[in-house]
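A.B. asks: no sequence on hand, only this structure:
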């Protein structure tokens with residue numbers, strides 16, 4: 001039997017420690033890069049879905065309210081302002097059987113909604129009573145109009161549509177809504193576009 005050499009070294013040599021530390025550092029760096037990438041992408045995905053959901057919900061609300069446009073309680077015509085990026089009309093949006101004055105308009109990167117409830121007789125719509133809320137906070141600036149207006153002969157009539165500004169107030173029967181939303185953040189993807197159209201129920205003249 002040979003006796004074990006009591007001089008055999010136990011543990012790690014300095015070179016082995018250096019190599020182990022080096023490999024450990026590489027592993028930590030890779031894990032850190034992966035974690036940062038994962039959390040940034042998760043954060044953006046959440047932000048993107050939130051922006052899309054907000055825009056889709058707002059678009060649904062706009063379609064529903066525009067469809068209900070009708071004469072104001074003071075006898076005003078259903079449509080008051082028919083511009084490219086702001087639209088004002090009358091409709092009962094509070095469900096109280098009274099006609100409110102509703103305004104959709106762009107302010108910076110926000111789509112806002114203003115509502116004025118009518119006063120008692122004599123009915124008026126005081127501007128100072130307008131309640132403004134933000135529907136969308138991440139609009140992308142584009143050269144396209146948010147609101148496009150068509151007469152009752154659309155889509156058959158492509159000559160007189162879309163309506164010119166001077167023809168919109170009294171001839172509009174269909175409104176197309178076009179918005180582009182861009183989630184904020186450096187990891188955001190390309191802007192996405194939402195388009196919908198709505199016929200004004202009370203103004204249909206082709207029945």
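C.D. replies: Structure received. Everything numeric in this text was worked out from a predicted model, so none of it was measured.
A.B. asks: where are the low-confidence patches of the chain?
C.D. replies: For the chain, the stretches flagged by pLDDT under 70 are 1-12, 34-48, 184-189, 205-207.
A.B. asks: helices of that one, start to end?
C.D. replies: Ranges of helices in the chain, per DSSP state H, are 14-67, 165-171.
A.B. asks: count of residues packed around the closest residue in space to residue 118 that isn't next to it in sequence?
C.D. replies: Leaving aside its chain neighbours, residue 118 sits nearest to residue 73 (4.5 Å; criterion: CB to CB, 6 or more residues apart in numbering). From N, CA and C alone the C-beta is placed, and that goes for glycine too. Residue 73 sits with 21 neighbouring residues when counted by other CB atoms under 10 Å.
A.B. asks: what does residue 132 give?
C.D. replies: 12.
A.B. asks: distance check, the closest residue to it other than its chain neighbours against residue 166.
C.D. replies: Once flanking residues are discounted, residue 132 sits nearest to residue 114: 4.6 Å by CB to CB, 6+ apart. Between residue 114 and residue 166 the distance, using CB to CB, to the nearest Å, works out to 25 Å.
A.B. asks: can you check residue 110 too?
C.D. replies: 29 Å.
A.B. asks: which one of those two is surrounded by more residues?
C.D. replies: residue 110 (14 against 8).
A.B. asks: ranking the helices of the chain by burial, who's on top?
C.D. replies: helix 165-171 (a mean of 15; mean count of other CB atoms under 10 Å).
A.B. asks: so what touches that helix?
C.D. replies: For helix 165-171, contacts defined as CB atoms under 8 Å, 6 or more residues apart in numbering pick out 77, 79-80, 82-83, 149, 151-152, 160, 163.
A.B. asks: so what's the residue most central in space within the chain up against?
C.D. replies: The centroid of the chain falls nearest to residue 55 when counting by CA atoms, centre = their mean (2.9 Å). Residues near residue 55 by CB under 8 Å, 6+ apart: 136, 138, 179, 181, 194.
A.B. asks: of the contacts of helix 165-171, which is the most crowded?
C.D. replies: residue 149 (25 neighbours).
A.B. asks: partner residues bridging that residue?
C.D. replies: Residues in a beta bridge with residue 149, per DSSP bridges, are residue 175.
A.B. asks: is it true that it touches residue 178?
C.D. replies: No - counting by CB atoms under 8 Å, residue 149 stays clear of residue 178, with 11.9 Å between them.
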